[in-house]
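Please work out how this folds:
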Amino acid sequence: MTKMPVTPLEIRRQLFHIFLGIVMVALLHHGVIDSWSLFWILSLGIVLSWISTRRRLPIIGWFLDKFERKQVRPGKGAITYFIGAILALELFPPEVAYAAILILAVGDGISSLVGPFGHLKTKLSDKKLFEGTIAGAAFGGSAAMVFVSPLEAFVGAAVAMLFEAMEIRLNQKLLNDNVTVPLVAGTVILLLRSFLLGN
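Model (predicted):
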C-alpha cells in the first residue's frame with residue numbers, strides 16, 4: 001500500500017503472504033493443524049530468527065534472501081504473521097478467526113501490491129494510498145465471505161484496512177499490521193454480530 005517500487009522481492013513477499021494465509025486457514029479448517037501447532041512453529045521461527053542474526057543457515061538463508069527485506073530482523077514478517085493468527089484463533093470463534101486471517105492474508109497482501117500504482121494519499125498517513133486500501137478491503141472481504149456473511153466480511157475488511165493505513169504507535173513503537181489487522185477484523189465482525197445482527 002505504500003508508494004514504493006514494486007520490486008520482484010516485494011511481489012514474492014506479498015504472494016507468499018497471501019499463499020501462507022490461505023494454506024494456514026485450509027489446514028486449520030480441516031483439522032490438520034491447530035493453534036498449538038502454530039505456536040510451536042512460531043517458537044521454532046523465533047529460535048531460527050535469533051540464530052540467523054549470527055550466522056547464515058542452510059535453506060533458511062536462501063528463504064530469507066528470496067522473501068525477507070534486508071533492513072529488518074530475519075523472519076520478522078513471518079513471526080508477527082503467526083502471532084496475529086494465533087491471537088485471532090484464541091480470541092474469536094473459529095469461523096471469525098479464519099475470516100480475520102484471510103483478511104490479513106489476502107487484504108493486506110493485495111493492498112501492498114496495488115497501492116504503489118495508486119495516486120491518492122489517504123488522510124491517515126502520508127505513506128499510504130487510497131487505492132491500496134480499497135483493493136485490500138474488496139479482496140479481503142471477498143476471501144472472508146467463505147466463513148462469514150458478506151456484511152461481516154466486507155465491513156470487517158474495510159475497518160481492518162483503514163487501521164492498516166494508519167501508523168499506530170505504542171510507546172513510540174509502530175504496531176505491526178500482521179498483528180493489528182486480524183485483531184481489528186475479528187473484533188469488528190463480533191461487534192456486528194452482537195449489536196447489529198443480533199447473533
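
quick check: mean pLDDT across the helix of greatest length in the chain?
Counting by DSSP state H, the longest helix found in the chain is helix 8-29. On average, the pLDDT along helix 8-29 is 91.

which strands and helices sit next to whichever helix or strand comes after that helix?
Sequence-wise, the next helix or strand downstream of helix 8-29 (DSSP states H and E) is helix 35-52. When contacts are defined as 3 or more Cβ pairs under 8 Å, 6 or more residues apart in numbering; DSSP states H and E, helix 35-52 packs onto helix 60-67, helix 76-91. All C-beta atoms are positioned from the backbone trio N, CA, C, and that covers glycine.

Contacts for helix 35-52 next, please.
24, 57, 60-61, 64, 73-76, 78-79, 82-83, 85-86, 89-90 (Cβ atoms under 8 Å, 6 or more residues apart in numbering).

rerun that using 10 Å as the cut-off
Residues outside helix 35-52 that contact it (Cβ atoms under 10 Å, 6 or more residues apart in numbering): 24, 27-28, 33, 57, 60-61, 63-64, 68, 73-76, 78-83, 85-90, 94, 97.

For PyMOL, write a command that selects the buried ones of those residues.
The buried subset of the contacts of helix 35-52, as determined by 16 or more other Cβ atoms under 10 Å, is captured in PyMOL by this line:
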select buried, resi 24+28+33+60+63+64+68+74+75+78+79+80+81+82+83+85+86+87+88+89+97
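
Compare the helices and strands packed on helix 35-52 and say which comes out lowest on pLDDT.
Note on the helices and strands packed on helix 35-52: lowest mean pLDDT is at helix 60-67, with a mean of 70.

and stretch 47-58, how far out from the chain's middle?
24 Å (Cα atoms, centre = their mean, to the nearest Å).

Buried ones in it, by neighbour count?
Across stretch 47-58, burial judged by 16+ other Cβ under 10 Å covers 48-49, 52.

So in the protein, where's the weakest helix or strand by average pLDDT?
Lowest on mean pLDDT, DSSP states H and E among the helices and strands of the chain sits strand 169-170, with a mean of 54.

distance between stretch 130-147 and the chain's centre?
12 Å.

Let me see the mean pLDDT of it.
Across stretch 130-147, the average pLDDT comes to 91.

Now that stretch: buried residues?
130-145, 147.

possible to save the helices and strands packed on helix 35-52 as TSV with distance to Leu183?
Shown next, in TSV, are the helices and strands packed on helix 35-52 (distance: least, Cβ to Cβ, whole Å):
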stretch	distance to Leu183
helix 60-67	24
helix 76-91	6
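
residues contacting the residue nearest in space to the middle of the chain?
Against the mean C-alpha coordinate of the chain, by Cα atoms, centre = their mean, the closest residue is Leu104 at 3.1 Å. Listed by Cβ under 10 Å, 6+ apart, the contact set of Leu104 reads 17-18, 20-21, 24, 81, 84-85, 88, 136, 140, 143-144, 157, 160, 164, 177-186.
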